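J.: From the sequence below, what's the structure:
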Amino acid sequence: MTENVKTYVTEKTKELIAATSCSAEAKEAANAWLEAVGTEKEAEVTKNYIAELEEDIMPIDGLIAFAGSDMGAKVFGDAAKGVLAHAEEIKAAGAKYCDCPACAACEAILAKKDEILA
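T.: You can find the predicted model right below:
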């Protein structure tokens, strides 16, 4: 991984950790990755980090289904209809994933996956 990519991924990882919508598992993997950068554990931890991000990122169709469900109404409350409308709007514009801060950071990092794992 080049220094430019490492710097970029480090910045996006910090954004992921700061995102309130980030899962505890993703935060743990992100922190482990930050700690492993530059060590002999970096390659192994990087593979685990990428796997966690791939598991946690919310595909847009999943967000649409969730936001339109009874559980989505419980989680999002009065905002559920707005979340659903927003998700449908960004899907129509070509989005593949949720655009919350956590998913946006995941998507940005995963876009560099080949470079990260090289």
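
J.: Helices of the protein, residue ranges please.
T.: 3-18, 24-36, 42-56, 60-67, 70-76, 80-92, 101-110, 113-117 (DSSP state H).

J.: among those helices, which is the most enclosed?
T.: Comparing these by mean neighbour count (mean count of other CB atoms under 10 Å), helix 101-110 ranks first with a mean of 21. Every residue, glycine included, has its C-beta placed from N, CA and C.

J.: Kindly provide the distance from the nearest residue to Glu42 once chain neighbours are set aside to Cys98.
T.: Closest residue to Glu42 apart from its sequence neighbours, by CB to CB, 6 or more residues apart in numbering: Ala36 at 4.8 Å. Distance, Ala36 to Cys98, using CB to CB, to the nearest Å: 27 Å.

J.: how about Met58, what does it touch?
T.: Phe66, Tyr97, Cys98, Cys100, Cys103 (CB atoms under 8 Å, 6 or more residues apart in numbering).

J.: at 7 Å what do you get?
T.: By CB atoms under 7 Å, 6 or more residues apart in numbering, Met58 lies in contact with Tyr97, Cys98, Cys103.

J.: could you measure it against Thr2, distance?
T.: Where Thr2 is concerned, Met58 sits at a distance of 29 Å (CB to CB).

J.: Give me the domain ranges for the protein.
T.: 1-58+100-118, 59-98 (automatic domain parsing).
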